[in-house]
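1. heads up, no residue letters with this:
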């Protein structure tokens, strides 16, 4: 059973393919990559990266927050805890007379920036 307590959540696998769907905000990875995170199925643990992820997760200054997550990302990239194979395609179809539409590969869907849409003159 892949989703039961003895499957992926229990870490009882050698290799697995499963989706990690996020909004695009780095805080979505909080429980996936910190030591002891509820969704850290790989068991990856870096105390330094976990500390940076925790700092980024509670930081209100966007510039400091980005630096915390970037530093954690650099540590994790050196360790290579997993291999992301692909990103789910998200097609965006619209009339050419509409300007400002931009694709959002996260869970926000196509209306995430609707305030920027306008008819071309």
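-> All right, it came through fine. Computed from a prediction, not measured in an experiment: that's the story for all the values here.
2. which ones are touching residue 42?
-> If you count contacts by C-beta atoms under 8 Å, 6 or more residues apart in numbering, residue 42 has them with 11, 81-82. Where you see a C-beta, it was placed from the backbone N, CA and C, and this is true even at glycine.
3. actually residue 116, not the one I typed
-> Taking C-beta under 8 Å, 6+ apart as the criterion, residue 116 is in contact with 100-102.
4. also residue 6?
-> Under the criterion of C-beta under 8 Å, 6+ apart, the contact list for residue 6 reads residue 12.
5. tell me how the protein divides into domains.
-> Per automatic domain parsing, the domain ranges recorded for the chain read 8-79, 90-121.
6. winner for burial among those?
-> domain 8-79 (a mean of 15; mean count of other C-beta atoms under 10 Å).
7. avg pLDDT for that domain?
-> On average, the pLDDT along domain 8-79 is 89.
8. which residue sits closest to residue 34, ignoring its sequence neighbours?
-> Spatially, and ignoring its direct neighbours in sequence, residue 34 is nearest to residue 50 (4.1 Å; C-beta to C-beta, 6 or more residues apart in numbering).
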